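>>> how does the following fold in three dimensions:
(one chain, ligands or ions: 1)
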Amino acid sequence: MAKIVCVLYEDPVDGYPTSYARDDVPEITSYPGGQTAPTPNAIDFTPGELLGSVSGELGLRPYLEGLGHTFVVINDKDGADSEFDRELVDADVVISQPFWPAYLTAERIAKAPNLKLAITAGIGSDHVDLQAAIDASLTVAEVTYSNSISVAEHVVMMILGLVRNYLPSYQWVIKGGWNIADCAARSYDLEGMTVGSVAAGRIGLAVLRRLKPFDVKLHYTDKHRLDPAIEEELGLTYHESVEDMVGICDVVTINAPLHPETEHMFNDAMFARMKRGAYLINTARGKICDRDAVVRALESGQLAGYAGDVWFPQPPPADHPWRTMPHHGMTPHISGTSLSAQARYAAGTREILECFFEGRPIRDEYLIVDNGSLAGTGAKSYTAGNATEGSDATA
Ligand code: NDP
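This next block holds a predicted model:
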């Protein structure tokens, strides 16, 4: 029998919900391009429930315990004496969500001789040292597409929030004011602006599609160019490199995974190439941006605003400068964990587990590492290496 260790974020401060704001979530059965949503044999939860926190357990307990496995759900994940470190030593499977990443470093992988499978309940497996996973012949799998549209919606919200100066204006209402000039002095229309996406994968392309009706000029860069028909349909301009693209953009949105090629891609040199007063939205991974360079760019006015939901490490310390830097629209890492998204990635996690325990192949598009090398989506979108360095700062 196997031991599955599942690391989830805390329940709400007021306790696990007993009722919800809405009675249902729309059922999504397939994604743009035809990929089907997860198809587990069964689920033991009601879509729309909070599944990503410890009491939600991703809805997996009846299934796993029904098979006789040991299912351990924990929250304490950081530091050498964390519950995660203690439970990991005899774990066969680890499940973690990027929102509350259980960093699976080379040291931790070395301490887990039984470990065979690391599942990302969501998308983005950079919290696993992929080189160490390759070396240890682990399988790393994620629920590709499960929350890509959730993030794309969040990106559009954040672009509009920054450009139109939504959050500071909202604050004037809370403060009891009617300070129209204060609100308007940093408020613009998105219409006519040039928006560039770093990557046009599942999220990046969905962002571009959603922005098209705003009558903006759309640009993108990616390792692989999109089909010419899509470029024509959306009026996209392709750039060979990020450096080539950023100079003309009023808004840049980052939608690439974190891997050695993208780590600290946005640093002082990249900001110097951008238009003064550009906005940067990063819902991809915090480490794609140099933390202090972002602060400097906002303080100098080189950036007019920065928004996103991804930090490094996670959770960030209370004194992380992105909490207090000017003109930001940061949230905790939430864009991919809406209740709608949770239903899909919990079902996808169940599908991956069913495949693993029944000896069936895991869908190729879910694979990041398999059989000692990058595989599936990992082989297309990642480079091998380690992006977990510095994650011990959470302890
Ligand atoms: P996809 O794999 O569909 O797309 C990623 C794209 O990034 C691919 O088109 C890939 O290129 C491209 N890419 C990789 N490296 C580079 C590079 N160096 N320069 C330019 N483009 C590059 O993934 P998704 O769109 O679904 O997700 C993207 C990322 O967003 C995830 O990896 C994750 O980090 C983040 N994410 C964040 C969430 C949140 O809650 N904030 C939730 C979900 C995802 P190609 O494949 O053509 O080689």
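>>> for the closest residue to D250 other than its chain neighbours, list the residues it contacts.
In space, and not counting its chain neighbours, D250 is closest to M193: 3.9 Å by C-beta to C-beta, 6 or more residues apart in numbering. From N, CA and C alone the C-beta is placed, and that goes for glycine too. Contacts for M193 (C-beta atoms under 8 Å, 6 or more residues apart in numbering) come out as 163, 216-217, 250-251.
>>> I'd like those as TSV, with secondary structure appended.
As requested, the contacts of M193 are exported to TSV (DSSP: H, G, I helix; E, B strand; the rest coil):
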residue	secondary structure
V163	helix
V216	coil
K217	strand
D250	coil
V251	strand
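>>> N371 contacts A136, doesn't it?
No. Judged on C-beta atoms under 8 Å, N371 makes no contact with A136 at a distance of 11.9 Å.
>>> out of the contacts of M193, which comes closest to the ligand?
The closest of the contacts of M193 to the ligand turns out to be V251 (C-beta to the nearest ligand atom; 16.9 Å).
>>> what residues are up against the closest residue to A184 other than its chain neighbours?
Spatial nearest neighbour of A184, excluding adjacent residues (C-beta to C-beta, 6+ apart): N165 at 7.7 Å. With contacts defined as C-beta under 8 Å, 6+ apart, N165 is in contact with 183-184, 186-188.
>>> what pLDDT does N165 get?
At N165, the model reports a pLDDT of 98.
>>> picking up where we left off before, which of the contacts of N165 tops the neighbour count?
C183 (19 neighbours; other C-beta atoms under 10 Å).
>>> that residue is in what secondary structure piece?
Per DSSP states H and E: C183 is located in helix 180-184.
>>> just the buried residues from the contacts of M193, in ChimeraX please.
In ChimeraX, a selection of the buried entries from these looks like this (16 or more other C-beta atoms under 10 Å):
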select :163,216,217,250,251
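>>> with distance to the ligand as added columns, please give the contacts of M193 in JSON lines.
As requested, the contacts of M193 are exported to JSON lines (distance: C-beta to the nearest ligand atom, whole Å):
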{"residue": "V163", "distance to the ligand": "20"}
{"residue": "V216", "distance to the ligand": "20"}
{"residue": "K217", "distance to the ligand": "19"}
{"residue": "D250", "distance to the ligand": "20"}
{"residue": "V251", "distance to the ligand": "17"}
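>>> need the max-distance pair from the contacts of M193.
V163 and K217 (14.2 Å; C-beta to C-beta).
>>> looking at the protein, which helix or strand does the model trust least?
Using mean pLDDT, DSSP states H and E, helix 376-381 stands out as the lowest-scoring helix or strand of the chain, at a mean of 95.
>>> list the buried residues of that one.
So, applying 16+ other C-beta under 10 Å, buried residues of helix 376-381: 376-379, 381.
>>> show me what it is packed against.
If you count contacts as 3 or more C-beta pairs under 8 Å, 6 or more residues apart in numbering; DSSP states H and E, helix 376-381 packs onto strand 367-370.
>>> is the helix or strand following the strand it packs on anywhere near the ligand?
The element immediately downstream of strand 367-370 (helix or strand, assigned by DSSP H and E) is strand 373-374. No. Residues of strand 373-374 contacting the ligand under C-beta under 6 Å from any ligand atom: none, with a closest distance of 11.2 Å.
>>> can you list the strands that strand 373-374 pairs with?
strand 367-370 (antiparallel) (DSSP bridges).
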